[in-house]
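> A predicted structure for the sequence below; I have some questions about it.
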Amino acid sequence: MKSKTNKTKEDKELLDKAEGKMKDALDDMSKSAEHSRAGKGQSNKGGVKVKEDDVKNLYK
């Protein structure tokens with residue numbers, strides 16, 4: 001199956017919408033993950049270690 005190279009205006013609009021939704025979903029996921037990690041970090045030491053590792057991985 002070949003990919004379509006001559007995209008129409010509607011195709012581009014749909015793609016842009018989908019990309020926007022994906023970015024919003026990823027933002028929501030990262031925000032909720034930060035909140036859950038912060039809560040675990042306060043309640044037990046294991047959560048703090050995970051949180052520190054995640055922060056280090058983000059800034060590689």
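Now that the structure is in, tell me what you want to look at.
> Got phi/psi on residue 7?
When quoted as degrees, to the nearest 10, the phi and psi of residue 7 stand at phi -80, psi 140.
> What is the neighbour count of it?
For residue 7, the neighbour count with other CB atoms under 10 Å is 11. Where you see a C-beta, it was placed from the backbone N, CA and C, and this is true even at glycine.
> quick one: what helix or strand has the spatially closest residue to it that is not a sequence neighbour in it?
Distances taken as CB to CB, 6 or more residues apart in numbering place residue 15 nearest to residue 7, at 7.7 Å, with adjacent residues excluded. Residue 15 belongs to helix 9-43 when assigned by DSSP states H and E.
> for the protein, where's the lowest mean pLDDT among helices and strands?
Least confident helix or strand of the chain, by mean pLDDT, DSSP states H and E, is helix 45-58 with a mean of 60.
> Residue 24 and residue 57: what is the separation?
Counting by CB to CB, to the nearest Å, the gap from residue 24 to residue 57 is 23 Å.
> Could you list the low-confidence segments of the protein?
Within the chain, the stretches with pLDDT under 70 are 1-5, 33-55, 59-60.
> do that again at 50, thanks
44, 46-47 (pLDDT under 50).
> For residue 57, give me its contacts.
Neighbour list for residue 57: empty [criterion: CB atoms under 8 Å, 6 or more residues apart in numbering].
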